[in-house]
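J.: build me a model from this:
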Amino acid sequence: ERSERLLDERLMVFKTENRGYGLKARKDLKKEDFVGVYLGEVLTYEQSLQRDAEYEKEGRKDFYSMAVNDVIVDAGRKGARVR
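T.: Okay, the predicted model is just below:
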């Protein structure tokens with residue numbers, strides 16, 4: 001897919017020492033350059049707390065969630081590479 005190819009050409013996923021994974025640009029980005037789409041499940045605050053507890057019980061150390069207005073987008077299970 002075109003978006004995945006662009007990700008590989010312009011961005012690099014890397015493992016950090018103590019924060020899970022990160023994303024680096026392979027070259028300088030200009031203001032308003034498209035980077036990627038943050039995808040995931042839309043959850044209420046209460047659902048996100050329950051999900052966090054499930055992740056902890058599973059022993060997961062990396063959490064991929066982002067607050068947008070009154071909802072949480074959890075990219076942990078159904079996210080794209082850019083999360």
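J.: touching stretch 68-77 from outside, list them.
T.: Stretch 68-77 has contacts (Cβ atoms under 8 Å, 6 or more residues apart in numbering) with 38-45, 47-48, 51, 55, 60, 62-67, 83. Glycine gets a C-beta too; all of them are placed from N, C-alpha and C.
J.: list buried residues within these.
T.: The neighbour count (16 or more other Cβ atoms under 10 Å) marks Gly40, Glu41, Leu43, Ser48, Arg51, Tyr55, Tyr64, Ser65, Arg83 as buried among these.
J.: now do the contacts for the first one.
T.: Spelled out, it's Gly40. Tyr64, Ser65, Met66, Val73, Asp74, Ala75, Gly76, Arg77, Lys78, Gly79, Arg83.
J.: okay, these in a markdown table with secondary structure and distance to Leu29 next?
T.: Output for the contacts of Gly40, formatted as a markdown table (DSSP: H, G, I helix; E, B strand; the rest coil; distance: Cβ to Cβ, whole Å):
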| residue | secondary structure | distance to Leu29 |
| --- | --- | --- |
| Tyr64 | coil | 21 |
| Ser65 | strand | 24 |
| Met66 | strand | 19 |
| Val73 | strand | 22 |
| Asp74 | strand | 26 |
| Ala75 | coil | 21 |
| Gly76 | coil | 26 |
| Arg77 | coil | 28 |
| Lys78 | coil | 26 |
| Gly79 | coil | 21 |
| Arg83 | coil | 18 |
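J.: where in the chain is pLDDT low?
T.: Counting by pLDDT under 70, the chain contains low-confidence residues at 1-8, 79-83.
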